[in-house]
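Asks: Just need the structure, nothing else, for what follows:
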Amino acid sequence: MIAAHTLAGATTREQILQVARELIQTRSYLGFSFQDVADQVGIRKASLYHHFPTKEALGVEVLRRAQRSFERWSAGLTDSPSEQLAAYVEMYRGALRAGDAICPAGGLAAGWDCIDPALREAARSLRQVQIVWLSGVLGALRPAGAGGSLADAAAAVFGTCQGAMIAARITGNASDFEASLSALKGLYTH
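Replies: Below you'll find the predicted structure:
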């Protein structure tokens, strides 16, 4: 549950989005209802429809905001490629709270076959933005003349981080996140 001080001062729409993201990351998309959001925001369920016509529209907006947040975050990085990769891993560990939560897009995975196509597309878009960014970072780290697909390598990093989030969530221990990423760390620590 989001602390009341976190929601203080935010617009009702902003509060709804913050609460929905928290619920997606901790309960999964299928693990909460509009009523849960209304209860945590302190409004009537009917009031949610003023801001979002459906739970799916709310979920799509949570994922779009996550994507915009990632785009701003990655555009602001000016470190070396190895430091950028380390920052990406730390983003999963810290900002996405390894051990306590999972990535917002990952919160849709369990019910993938029964969620709205617009939600699936928003999750794919968030993934794709990260794959493109990771491809650039990994390309800068790759020795000249090295072969293999940068997109495949980026997908492996993304998948490793997602899997590490799930492993840490299962145990509730962030150290399991680090253990899952021990091989990846060799790419950015020398």
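
Asks: Give me the helices and strands touching the helix or strand encompassing residue 140, please.
Replies: Assessed by DSSP states H and E, residue 140 sits inside helix 117-141. Judged by 3 or more C-beta pairs under 8 Å, 6 or more residues apart in numbering; DSSP states H and E, helix 117-141 is in contact with helix 55-75, helix 81-90, helix 150-171. Bear in mind the C-beta positions are built from the backbone N, C-alpha and C, glycine included.

Asks: Nearest to residue 27, out of those?
Replies: Residue 27 lies closest to helix 150-171 among those, at 11.2 Å (C-beta to C-beta).

Asks: low-scoring stretches of this structure, by residue?
Replies: For the chain, the stretches with pLDDT under 70 are 1-7, 144-145, 187-190.

Asks: Which secondary structure state does the residue nearest the centre of it sit in?
Replies: Residue closest to the mean C-alpha point of the chain, counted by C-alpha atoms, centre = their mean, is residue 103 at 3.1 Å. Following DSSP: H, G, I helix; E, B strand; the rest coil, the label given to residue 103 is coil.

Asks: Do I have it right that it meets residue 165?
Replies: Yes: Residue 103 lies in contact with residue 165 (C-beta atoms under 8 Å); the separation is 5.8 Å.

Asks: sorry, back to before: what angle do the helix holding residue 140 and helix 81-90 make?
Replies: In terms of direction (axes from the mean of the first three to the mean of the last three C-alpha atoms, to 10 degrees), helix 117-141 departs from helix 81-90 by 150 degrees.

Asks: Can you report phi and psi for the residue nearest to the centre of the chain?
Replies: Dihedral angles of residue 103 (phi, psi; degrees, to the nearest 10) stand at phi -60, psi 140.

Asks: re earlier: so which of the helices and strands packed on helix 117-141 gets nearest residue 38?
Replies: helix 55-75 (11.3 Å).

Asks: Off-centre distance for the closest one?
Replies: 9 Å (C-alpha atoms, centre = their mean, to the nearest Å).

Asks: Same check on stretch 107-121?
Replies: With C-alpha atoms, centre = their mean, you get 14 Å for stretch 107-121.

Asks: So what would you say the end-to-end distance of that stretch is?
Replies: From its first residue to its last, stretch 107-121 covers 14 Å (C-alpha to C-alpha, to the nearest Å).

Asks: which parts of it are buried?
Replies: 107, 108, 115, 116, 119, 120 (16 or more other C-beta atoms under 10 Å).

Asks: ok, so of those residues, who is nearest residue 173?
Replies: Residue 173 has its nearest neighbour among those in residue 107, at 19.3 Å by C-beta to C-beta.
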